[in-house]
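Fold the following, please.
(4 chains)
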There are 4 protein chains.
Amino acid sequence: MSHRPDPALARRLGLLSPGTPAPPWSTVQWFGHAGAPLTLQALRGRVVVLHAFQMLCPGCVHHGLPQAQRIAATFAEADVAVVGLHTVFEHHAAMTPVSLEAFLHENRIAFPVGVDAPAADGGDPIPQTMRRYALRGTPSLLLIDRRGDLRRHGFGAEDDLAVGAAIATLLAEPVDR
Amino acid sequence: MSHRPDPALARRLGLLSPGTPAPPWSTVQWFGHAGAPLTLQALRGRVVVLHAFQMLCPGCVHHGLPQAQRIAATFAEADVAVVGLHTVFEHHAAMTPVSLEAFLHENRIAFPVGVDAPAADGGDPIPQTMRRYALRGTPSLLLIDRRGDLRRHGFGAEDDLAVGAAIATLLAEPVDR
Amino acid sequence: MSHRPDPALARRLGLLSPGTPAPPWSTVQWFGHAGAPLTLQALRGRVVVLHAFQMLCPGCVHHGLPQAQRIAATFAEADVAVVGLHTVFEHHAAMTPVSLEAFLHENRIAFPVGVDAPAADGGDPIPQTMRRYALRGTPSLLLIDRRGDLRRHGFGAEDDLAVGAAIATLLAEPVDR
Amino acid sequence: MSHRPDPALARRLGLLSPGTPAPPWSTVQWFGHAGAPLTLQALRGRVVVLHAFQMLCPGCVHHGLPQAQRIAATFAEADVAVVGLHTVFEHHAAMTPVSLEAFLHENRIAFPVGVDAPAADGGDPIPQTMRRYALRGTPSLLLIDRRGDLRRHGFGAEDDLAVGAAIATLLAEPVDR
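Numbers count the residues shown, from 1 in each chain, chains lettered A, B, ... in the order given. A predicted model of the protein is given here:
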């Protein structure tokens, strides 16, 4: 008996087949998380909702971040880890970690948020993790399954019903598939 | 290995344990469905989303029915059957099938809607199916699993993320559990 | 010195020049108003906000009526009379006064609502007042000034800022212009 | 005959009596306005809508600034001058002019925005204009009449209907009262 979601349903919910490990994250700083940088590895066994945003991106402020907060409120932390990634690729001087920290405080973002590492090549505006995941922009909503595979790659405003269904579909998969 | 959803997650999503068959429906008329009355039995194998409403109930018009329409748009008909049930328990003369038909047309409700049968006892304002399901009022959102068991009993405004997750959790259960 | 609003501002707010008396209303029944039928004549001296709607028109339920309720809450009754007019021009059997009464109760419509009189010619679906005002459909928002002149003729979803400004502009005109 | 608005209406709309000149502004920089700093004096003859905000204040981002943009879209520039004032009183390092410029660009704020001058006393977090107007916080919406008098002092989320009516009431007052 198969533990993979029904292919037609998976396609409808935008779920990718398992088999492609999500790339690691490169961050320079974390908010809402103390100690060593938070890694995907440390979240193995949980479904990870990675919300890539920029604090001055209106679509992130009006849609993406409130949705990420609703996801964190809907699921138990033991099941679903909501993680923010500040992927600044424009207006770099305007969206520094100092500004981000105040932004997170004012918007009561309680989940951990990492600052994506600037490109090693100083001339590249795209930060490292953003390039590694080939994000098209912000907001992007990425779903990573319990085994660490990248399973959904969303860009722009997303529908709560479909996102809720996609997360639950991944939660229903056995870890040891 | 268990195919039942994780108990903590199920509880969080408001899912009941399987084992209680959903009662049959008693209807006097259907809109958006031709032929013999639609029965739960005929939908066996699909997750059924039963939306009980009254056409003049503001919570139904503003929240419940738009959500039911979004559910029908999100999932494939082969997976999820969205069914409306017009459970009139007040203002009976104001919410006749003639009025309901115009209401469904104007609001572009495309899923089948049954008219709950009035109580056999003429003095009882509560229609038969509504009483059988012990609904507290409208809107009510009921989820019935692929085997016909009643798994969720919602009343009032419901959150899209949780509803989407609950439906997907039921979809992930094997039919032959 | 002129007491008419600045012509450019009036145009921007959709205000017509004074000089065209609003036609009288023909109604068969009133809700939220006891005694003789409410007439425009009786409201002389106040700005009248006439909201023409149908109880099964989604644009009325989602936009028009909530806006009319906000108008009634924003202005004093001594200044602004908000009046509903049920102008049924389709689905006549579905939107009877019996259904309307329950609708008004459930939606907590507190301002007076008149039922537009059916056409004398039984074959005409358009009721009398609706035809007299040449309404294009529902919802329609009509503003009538303190002297009884028709000053604004809106159809469809209207912006609160512009409607509030138009009403206040009429309120600022002297009665004895 | 009086050109002042009806006192009961004025009170209802939150309008203050004329007679108190709005204090001058002290700014260190302007966006969306070239040349010498924009002054209240230069806007004499127009109704001025002064929107005091902080770029990281959620109430400003979700309610205040969108409303200010709607006001600017509803009225003609010749009648109503919408002006933003960035009154940073917390998280000063996070809301610098560099960050503000990107914020205004991303949110397509087209009206002029001045940066309130920091207190002369370096230890005071409240900027000069904010203190002079005794603002309680952000967002604040101030209405100044054609003669330069401060007529409305709003704080927090404001209703479009009442704000539109208040502006139109001021527009209806003669300049040479």
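
Okay, helices next: where are they in chain A?
Per DSSP state H, chain A carries helices over the ranges A:7-12, A:58-59, A:65-74, A:97-106, A:128-132, A:160-171.

What degree of burial does A:G19 show, as a neighbour count?
Close neighbours of A:G19, defined as other Cβ atoms under 10 Å in any protein chain shown, add up to 9. The C-beta positions use only the backbone N, C-alpha and C, and glycine is treated the same way.

actually A:H62, not the one I wrote
Neighbours of A:H62 (other Cβ under 10 Å): 15.

what about chain A, any weak spots by pLDDT?
Residue ranges of chain A with pLDDT under 70: A:1-4, A:177.

what does it put close to chain D?
Applying Cβ under 8 Å from any Cβ of the partner chain, we find that chain A lies next to chain D at A:56-58, A:61-62, A:90-91, A:93-96, A:98-99, A:101-103, A:105-107.

Show the buried residues in those residues.
A:56-57, A:61, A:90-91, A:94-96, A:99, A:101-103, A:106-107 (16 or more other Cβ atoms under 10 Å in any protein chain shown).

farthest pair in these?
Greatest spatial distance among these (Cβ to Cβ): A:E90 and A:E106, at 21.3 Å.

so which of the helices of chain A comes closest to A:T39?
Taking the helices of chain A one by one with Cβ to Cβ, helix A:128-132 is closest: 11.6 Å.

Go through that closest one and flag the buried ones.
Buried-residue list, helix A:128-132, by 16+ other Cβ under 10 Å: A:128-131.

shouldn't A:D160 be in contact with B:D160?
Yes: A:D160 is within contact range of B:D160, at 3.6 Å (criterion: Cβ atoms under 8 Å).

List the beta-bridge partners for A:L50.
Under DSSP bridges, the beta-bridge partners of A:L50 are A:V83, A:L142.

Do I have it right that it meets A:P139?
No: between A:L50 and A:P139 there is no contact under Cβ under 8 Å: 10.9 Å.

hang on, the earlier thing: ok, of the buried ones among the residues of chain A next to chain D, which one's closest to B:Q41?
A:V61 (48.8 Å).

and that closest one, what does it touch?
Residues in contact with A:V61 (Cβ atoms under 8 Å, 6 or more residues apart in numbering or on different chains) are A:55, A:107, D:61.

From A:P139, how far out is it?
For A:V61, the distance to A:P139 equals 9 Å [Cβ to Cβ, to the nearest Å].

Over to A:R151?
As judged by Cβ to Cβ, A:R151 and A:P139 stand 18 Å apart.

go on, A:T39?
Distance from A:T39 to A:P139, by Cβ to Cβ: 22 Å.

can you check A:G148 too?
To A:P139, A:G148 is 22 Å away according to Cβ to Cβ.

Compare these two and say which is more crowded by neighbours.
When neighbours are counted by other Cβ under 10 Å, A:P139 comes out ahead of the other of A:G148 and A:P139, with 26 against 17.

Around chain B, pick out the residues from chain A.
Proximity of chain A to chain B, by Cβ under 8 Å from any Cβ, involves residues A:1, A:5-6, A:8-9, A:12-13, A:70-71, A:74-76, A:78-79, A:159-169, A:171-174.

filter those to the buried ones?
Using 16+ other Cβ under 10 Å, the buried members of the residues of chain A next to chain B are A:5-6, A:9, A:12-13, A:70-71, A:74-75, A:79, A:159-169, A:171-173.

so what's the residue positioned nearest the centre of chain A up against?
Compute the mean C-alpha point of chain A, and by Cα atoms, centre = their mean the closest residue is A:L50, 1.0 Å away. The neighbours of A:L50, taking Cβ under 8 Å, 6+ apart as the test, are A:22, A:83, A:85, A:141-144.

what does A:G35 give?
Taking Cβ under 8 Å, 6+ apart as the definition, A:G35 has no contacts.

From A:T27, how far out is A:A36?
11 Å.

of these two, who's got more company?
A:T27 (20 against 8).

what pairs with that one across the strands?
Under DSSP bridges, the beta-bridge partners of A:T27 are A:D116.
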